[in-house]
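Peer 1: the following comprises the amino acid sequence and a computationally predicted model.
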Amino acid sequence: ELRHCGGFMYHITEADGHLSMERAAGGTSAGPARPGYAITNQAIVGPLLEQMQEKNIADTIEGLTGFANRYYSSAPGIESSNWLKRKWIELAASRDHISIEPYAHARYDQRSVIATIAGTDKSAEVVVMGAHLDTINLLGTKDTTKAPGADDDASGVAGLTEVLRVLAASGYKPRRTIRLIAYAAEEVGLRGSQEIAREYKKNAVNVVGVLQLDMTNFKGSAKDIYIFTDYTDEGQNGFLENLLKVYLTTVTVGYEKCGYGCSDHASWSAQGYATSMPFEA
Ligand code: CO
């Protein structure tokens, strides 16, 4: 009704849909233990932040919107995934501890793209940061239909891409493994992220935190960033606000509700993982 992106979660079977509703009614299911949220890496993060460049973010958005659309089953949708994979491979080319892999989905041809920045710690803890690659035109999307999705969600993918560039250029090796994921098929019921989150849960991957960036470059409200309180983790949301207070002191923050599972973080919270979704307006 609200014409928001996503808008619903697709379930492969009726039983799966019922299970999802039961979980939602009973609060979040048990997931990995939450980490401590102390902020202690100012000496490393400060100089990295200074290297983030607006122009690179704009360039990625321009590249992604160069495709007529990025629909999960269209030819340009598939091409755009390959384009992003190549861009990420180029950015990480000089670093052995960073690998870029397409993630093939079972029921459609658009692939998610995953960048893995290997952590130095043996604990196998993983941090996931994501955005969605695909777009949709709600009147119907064929190969030539326009659905550029500059804000929704080339903006989020572009942010991740600039993070990858800075981390690769600096040679920074995180303690925990970081996975940057550009999800396929978000606009058709969070299908790409649901498949990935389920696989991680099945394989007991110790994901200690999930961040979703979906629509981050349009200033449409009084405050700069609104942190969604539903389908997310309260402790991690507080951590996010504290990070902003430490690192981006001029950014103003509010709290808001999306009202439904409005982006890929909901796929992870459904599996019990701690999620956050900072939104532009
Ligand atoms: Co979106």
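Peer 2: Sure thing, it's come through.

Peer 1: where's the residue positioned nearest the centre of the chain, which helix or strand?
Peer 2: Geometric centre of the chain, nearest residue: G130, 1.5 Å, by Cα atoms, centre = their mean. Secondary structure assigned from DSSP states H and E places G130 in strand 126-132.

Peer 1: around the ion, pick out the residues from the stretch 51-200 of the chain.
Peer 2: Residues of the stretch 51-200 of the chain lying close to the ion by Cβ under 5 Å from the ion are 152-153. C-beta coordinates here come from the backbone N, C-alpha and C atoms, glycine included.

Peer 1: quick check, pLDDT for C5.
Peer 2: Note for C5: predicted pLDDT of 65.

Peer 1: then the one 10 residues further on?
Peer 2: With respect to pLDDT, A15 has a value of 87.

Peer 1: same deal with the one 5 residues further on?
Peer 2: Confidence per residue is given as pLDDT, and for S20 that number is 77.

Peer 1: so what's it up against?
Peer 2: With contact taken as Cβ atoms under 8 Å, 6 or more residues apart in numbering, S20 is in contact with 9, 11, 270.

Peer 1: that one in helix, strand or coil?
Peer 2: At S20 the chain is in helix, as set by DSSP: H, G, I helix; E, B strand; the rest coil.

Peer 1: what sits against the nearest residue to P47 once chain neighbours are set aside?
Peer 2: Nearest residue to P47 in three dimensions, chain neighbours excluded: S170, at 8.0 Å (Cβ to Cβ, 6 or more residues apart in numbering). The contact partners of S170, by Cβ under 8 Å, 6+ apart, come to 47-48, 51.

Peer 1: what about A106, neighbour count?
Peer 2: Using other Cβ atoms under 10 Å, A106 has 7 neighbouring residues.

Peer 1: same list (the contacts of S170) but as a markdown table, adding neighbour count.
Peer 2: Shown next, in a markdown table, are the contacts of S170 (neighbours: other Cβ atoms under 10 Å):
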| residue | neighbour count |
| --- | --- |
| P47 | 12 |
| L48 | 16 |
| Q51 | 13 |
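
Peer 1: and K219, what is it in contact with?
Peer 2: Shown in contact with K219 (Cβ under 8 Å, 6+ apart): 280-281.

Peer 1: show me where pLDDT drops low in the stretch 1-150 of the chain?
Peer 2: Scanning the stretch 1-150 of the chain for pLDDT under 70 picks out 1-7, 24-30.

Peer 1: pull out the buried positions in stretch 92-111.
Peer 2: Of the residues in stretch 92-111, 92, 95, 97-98, 100, 102-103, 105, 108, 110-111 count as buried by neighbour count, 16 or more other Cβ atoms under 10 Å.

Peer 1: narrow the residues you listed to those in strands?
Peer 2: 98, 100, 102-103 (DSSP state E).

Peer 1: would you map the helices across the protein?
Peer 2: Per DSSP state H, the chain carries helices over the ranges 14-25, 42-51, 54-65, 75-91, 155-170, 191-202, 234-247, 265-269.

Peer 1: identify, out of those helices, the most deeply packed stretch.
Peer 2: Compared across the helices of the chain, helix 265-269 shows the largest average neighbour count, a mean of 28 (mean count of other Cβ atoms under 10 Å).

Peer 1: what's in contact with it?
Peer 2: If you take Cβ under 8 Å, 6+ apart as the criterion, helix 265-269 is touched by 6, 9, 28, 128, 130, 190, 193-194, 196-198, 207, 210-212, 231-233, 260-261, 275-277.

Peer 1: what sits against G220?
Peer 2: 280-281.

Peer 1: who are the contact partners of the nearest residue to A150 once chain neighbours are set aside?
Peer 2: Excluding the flanking residues, the one nearest A150 by Cβ to Cβ, 6+ apart is T65, at 5.0 Å. When contacts are counted by Cβ under 8 Å, 6+ apart, T65 touches 148-150, 154.

Peer 1: so which of the ones in strands among the buried residues of stretch 92-111 comes closest to L19?
Peer 2: Y103 (23.4 Å; Cβ to Cβ).

Peer 1: return the residues in contact with that closest one.
Peer 2: 111-114, 181, 184, 192, 196.

Peer 1: same question for A197.
Peer 2: 267-268, 270-271, 273.

Peer 1: mind checking pLDDT for it?
Peer 2: 97.
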